[in-house]
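*Asks:* just to be clear, the model below is a prediction. Sequence and coordinates:
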Amino acid sequence: MFLKYNAKIDFIIMFTYLKKTLSIFTAISFLLLFFGLQQTTAQTANVVDIINNSENHTIMSELLVVSELDSTITDDGPYTVIAPTDEAFRDHGLDVEELKSNPDMAHDLLVNHIFEGEVFSQDVENSMNITLTDKDIIALNGIVHVTDIIIEDE
């Protein structure tokens, strides 16, 4: 006995398969797009951008410009920047206006906070015996850590 071909049943089966495939494809595309955009967004700022965009680092941002270090650490890198907060500058008793008017003095102070290469927080804290208040902020060209102290020459 022969079975009669039913195009309607064939169409329903094919439509159901197509619907499931599209749903899976849509879900995977959404996940790739969402996580891909997050990763891209997190690493579109360089170390200078991160400092410049922080409300707590206006003094560091100004001193980077005065000392012309901003143009140096905007380049390829990688760099590690230990960024003291504005409060750290005030608490340390530094004459910020004098630093702003003296590029060499600003440069000499800031080079204690900038290193070539990527150094993660645990290594920074252990080797320099300092506490970081915000750690491992990944930038396009390095890492930024936040501290509430000023690092001086030894």
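*Replies:* Looks like it came in fine. Numbering: from 1, shown residues only.
*Asks:* only C-alpha atoms for contact and neighbour calcs from this point on.
*Replies:* OK.
*Asks:* what sits up against the longest strand anywhere in the chain?
*Replies:* The strand that spans the most residues within the chain, counting by DSSP state E, is strand 132-139. Strand 132-139 is contacted by residues 42-47, 50, 120-121, 125, 143-148 when judged by C-alpha atoms under 8 Å, 6 or more residues apart in numbering.
*Asks:* buried set for that strand?
*Replies:* Applying a neighbour-count criterion of 16 or more other C-alpha atoms under 10 Å, one finds Leu132, Lys135, Asp136, Ile137, Ile138, Ala139 buried in strand 132-139.
*Asks:* could you check the angle strand 132-139 makes with the helix or strand following that strand?
*Replies:* Next in sequence after strand 132-139, counting helices and strands by DSSP states H and E, comes strand 142-147. Taking axes from the mean of the first three to the mean of the last three C-alpha atoms, to 10 degrees, strand 142-147 and strand 132-139 form an angle of 160 degrees between their directions.
*Asks:* partner strands of strand 142-147 and their direction?
*Replies:* Strands that pair with strand 142-147, judged by DSSP bridges, come out as strand 79-84 (parallel), strand 132-139 (antiparallel).
*Asks:* those strands into TSV, with extra columns for mean pLDDT and distance to Glu98?
*Replies:* Formatted as TSV, these follow (pLDDT from 0 to 100; distance: least, C-alpha to C-alpha, whole Å):
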stretch	mean pLDDT	distance to Glu98
strand 79-84	97	17
strand 132-139	95	26
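*Asks:* ok, which of those comes nearest Val96?
*Replies:* The closest of the strands paired with strand 142-147 to Val96 is strand 79-84. By C-alpha to C-alpha, the value is 12.9 Å.
*Asks:* so how far is the closest one from its chain's centroid?
*Replies:* Relative to its chain's centre, strand 79-84 lies at 12 Å (C-alpha atoms, centre = their mean, to the nearest Å).
*Asks:* who touches that strand?
*Replies:* With C-alpha under 8 Å, 6+ apart as the test, strand 79-84 has contacts from 47, 51, 57, 60, 73, 113-119, 141-150.
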